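Enquirer: Predicted model follows, preceded by the sequence.
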Amino acid sequence: MESRPLRYFVAVAEELNFTRAAERLGISPPPLSRAIRNLEKEMGVALFDRNTHGVALSPAGEVLLAEAKIVLDALQAAERRAQRAAATEPKLILAVKADGDAGLLEPILARFASEPAAIPVAVRLCSWHEQPQLLRQGEADAALVHEPFDPTGLDAEILIHEPRVAALAASHPLAARDRLTLSDLELRPDDVEQFINRHRGQGRDLAQLLTLVGLGGPPHLLPASVAARYPRPGVVYRPVADAPHSVLAIAWPQQSRSTATAALVRVACSVADAVGGAEATS
């Protein structure tokens with residue numbers, strides 16, 4: 001099966017309209033319709049349910065849509081990685097959320113530079129949960145990413161488990177306590193990721209979050225390493241004894257055969273072990 005029919009299929013499946021899909025692809029509707037019919041004939045299944053009201057994905061089409069996206073992403077990623085490998089000065093791209101490396105980024109880069117397989121590393125700063133897609137699309141070779149994340153097409157190694165702390169305004173009533181519990185913050189363990197993602201979804205970086213906290217905004221849960229690395233006037237950090245730990249991992253594409261990427265992963269695991277790794281203390 002060629003990639004072009006799959007691209008045509010994905011366009012129709014996402015638009016559920018042959019005319020709009022054809023405009024998106026820059027072709028006319030008749031050849032698009034023929035291509036889809038040929039694809040259905042080749043596969044021996046109906047990918048769309050057609051009626052007078054339009055088209056809808058069939059059960060087979062729903063399955064193919066999910067798989068086709070993975071295949072097309074993999075092809076695009078392979079092309080990008082091959083182009084980077086052929087560059088005069090190849091680089092390894094490491095995707096990281098700013099302030100989301102638990103203090104490991106600098107020692108990882110420093111130790112990696114002495115590896116025999118080392119090549120220059122370009123750090124790509126990105127937003128929360130953007131790293132897995134960058135890996136799948138071939139726009140990054142490895143990533144430091146917090147769990148949970150979508151692992152489709154990726155391998156990963158856990159680097160560090162960190163206790164979480166609450167960032168509070170110094171004037172907040174809870175700031176007078178030495179330790180807190182989730183119930184103090186009106187949270188349950190199952191609410192923690194949703195609570196954190198709600199703040200992340202508002203596009204706020206760490207500096208913005210801490211500024212809002214210091215101005216009397218609501219408390220926020222953060223990895224414990226933040227407390228030591230980012231002291232701020234007007235903000236206090238208090239351990240939250242029963243909060244689920246923050247888990248940082250290094251991830252890379254499953255199909256990667258890069259010796260430089262493999263060396264970076266080994267170095268990252270070694271650095272994490274040296275600072276406590278999966279047994280980070282509270």
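Expert: Structure received.

Enquirer: Check the gap between the closest residue to Leu105 other than its chain neighbours and Gln194 for me.
Expert: Leaving aside its chain neighbours, Leu105 sits nearest to Val96 (6.1 Å; criterion: C-beta to C-beta, 6 or more residues apart in numbering). Where C-beta positions appear, they are placed from N, C-alpha and C, glycine not excepted. Distance, Val96 to Gln194, by C-beta to C-beta, to the nearest Å: 24 Å.

Enquirer: in the helix or strand containing Arg80, what's buried?
Expert: Here Arg80, judged by DSSP states H and E, is contained in helix 59-85. Residues of helix 59-85 classed as buried: Gly61, Leu64, Leu65, Ala68, Lys69, Leu72, Asp73, Ala74, Ala77, Arg81, Arg84 (neighbour count, 16 or more other C-beta atoms under 10 Å).

Enquirer: Helices of this protein, residue ranges please.
Expert: For the chain, applying DSSP state H gives helices covering 3-15, 18-25, 29-43, 59-85, 105-112, 131-136, 192-200, 206-214, 225-229, 259-274.

Enquirer: just those: most buried one?
Expert: Neighbour counts (mean count of other C-beta atoms under 10 Å) averaged over each of the helices of the chain peak at helix 131-136, with a mean of 22.

Enquirer: Could you list every helix and strand in contact with it?
Expert: helix 59-85, strand 92-97, strand 142-146, strand 154-162, strand 246-253 (3 or more C-beta pairs under 8 Å, 6 or more residues apart in numbering; DSSP states H and E).

Enquirer: mind running it again at 6 Å?
Expert: strand 142-146 (3 or more C-beta pairs under 6 Å, 6 or more residues apart in numbering; DSSP states H and E).

Enquirer: Pull the strand it packs on out as PDB, backbone CA atoms only.
Expert: Below are the C-alpha coordinates for strand 142-146, written out as PDB (Å, rounded to 0.1, in the frame of the first residue of the first chain):
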ATOM      1  CA  ALA A 142      14.700  12.400  22.600                       C
ATOM      2  CA  ALA A 143      12.600  14.200  25.200                       C
ATOM      3  CA  LEU A 144      12.500  14.700  28.900                       C
ATOM      4  CA  VAL A 145       8.800  14.300  29.700                       C
ATOM      5  CA  HIS A 146       6.600  14.000  32.800                       C
END
